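# Provided below for reference: sequence and predicted model.
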Amino acid sequence: MKTLFLLTVFLAPFLFVLGLGRLVELRQKERMTKITGHEDDSVPEPYFPWLVEYFERLQAQSEAAGIPTDKTRLQFITVAGGVLGFVFLYGVVKSWLWALPGIALGLALPPVYLRRAMQDRAQKFEAQLEKAIGHMVNALRAGQSLANAIQDAASRASHPLSYEFFRVHQDLMLGTPLITSLEKLQRRVRSTDYDLFVATVSLQHATGGDMIPMLQTIAETIRQRQQAKSKVQALTAPGRLSAVLVLLTPLLLLGVLYVVSPGFFAVYLQPGPGQTLLLVAAVMIAVGFLWIRKITDIRLD
């Protein structure tokens, strides 16, 4: 019952602000309709533009991650994440004050997941790009157009490159300009290697030069970049393993301590110094994990 009350206290201001903003918006539209005699169909200025931009950015990231969804669903998932984070932490510490950080944690989980999924999809795309450009070169040598070369490369690739190249080919068949279609894919897939490909095709398309030698050069550049990335991943693997150990070892020790000596561990779940020490330890573990991950995150952009 107490948890339900705390949830109501948390959600009430949020829903009140949204409802009040909607009410003011409707009143303004009614007043303008009475003055002008015409219904105003224009989109009003948002009350929280930074929040609108935030969810638009999340929507773009979801599309880049291969999980397209609308802003309404993203808003629901984000708010639900904050509520669930609060409920989970409150169930552990039994204190609404110490459970407030769970809101921030729950709100941060959807963007973190989308960013990770976006990076994984971009890596899979880049791993296939060199071979796809090679297929395009062979198709151009056989006398096919660039649109047919893109379709041929898509038919020989796997997901996600095949799906994205087929979308580019469909746009071309519907009359969309080549550069516009490639730039749309550039917004969906955040890839430095693909940026090089788009820049090359745009330049050659504007100047009318021979595209085959340039595509071969780009394919070789992408191959060398992939080799360099593989070496960096191999060299930083011990550091990434250390970060995982820093995160998991204390949790494993806490689990063993809870099983072996529940009475001793219960002190840390009671309000007072025990909860404070547990929270400080969690913050230090998170800082250590993020610090090591930052050190080992070497990008070749």
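That came through, no problem.

# Need the residues that contact the helix or strand containing Gln275.
Using DSSP states H and E, Gln275 sits in helix 273-296. Residues from elsewhere that reach helix 273-296, judged by CB atoms under 8 Å, 6 or more residues apart in numbering: 93, 95, 98, 101, 236, 239-240, 242-243, 246-247, 250, 267-269. The way it works is simple: take the backbone N, C-alpha and C, and place the C-beta from them, glycine included.

# How about stretch 65-72?
55-56, 58-59, 62, 114, 117-118, 121, 160.

# from the chain's centre, how far out does that stretch sit?
Centroid separation for stretch 65-72 versus its chain: 10 Å, with CA atoms, centre = their mean, to the nearest Å.

# end to end, how far does that stretch reach?
Across its full length, stretch 65-72 reaches 18 Å between end residues, using CA to CA, to the nearest Å.

# Can you mark which positions in the helix holding Gln275 are buried?
Buried residues in helix 273-296, counting neighbours by 16 or more other CB atoms under 10 Å, are found at 275, 278, 285, 289, 292-293, 296.

# What is the neighbour count of Ala149?
24 (other CB atoms under 10 Å).

# Just give the closest residue to it, not the sequence neighbours.
What sits nearest to Ala149 in space, not counting adjacent residues and going by CB to CB, 6 or more residues apart in numbering, is Ala139, at 3.8 Å.

# Pull the number of nearby residues for the one you found.
Ala139 has 19 nearby residues by other CB under 10 Å.

# what's near enough to touch it?
148-149, 152-153.

# For burial, what's the neighbour tally of Gly209?
Gly209 has 11 nearby residues by other CB under 10 Å.

# brain fart, Leu140
Each residue near Leu140 was counted by other CB under 10 Å, and the total is 18.

# I'd say it and Ala149 touch.
Yes. Counting by CB atoms under 8 Å, Leu140 touches Ala149, with 5.3 Å between them.

# which residues do those two both contact?
By CB under 8 Å, 6+ apart, no residue touches both Leu140 and Ala149.

# if we can go back for a sec, farthest-separated two in the buried residues of helix 273-296?
Spatial extent of the buried residues of helix 273-296 (CB to CB) is set by the pair Gln275 and Thr296 at 32.1 Å.

# all helices in this structure, in order from the N-terminus.
Secondary structure of the chain (DSSP state H): helices at 2-36, 49-64, 71-93, 101-141, 146-156, 161-173, 178-188, 192-207, 211-235, 237-260, 262-265, 273-296.

# With mean pLDDT as added columns, please give those helices in CSV.
CSV is the format used below for these (pLDDT from 0 to 100):
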stretch, mean pLDDT
helix 2-36, 56
helix 49-64, 76
helix 71-93, 76
helix 101-141, 85
helix 146-156, 88
helix 161-173, 89
helix 178-188, 86
helix 192-207, 83
helix 211-235, 86
helix 237-260, 84
helix 262-265, 74
helix 273-296, 82
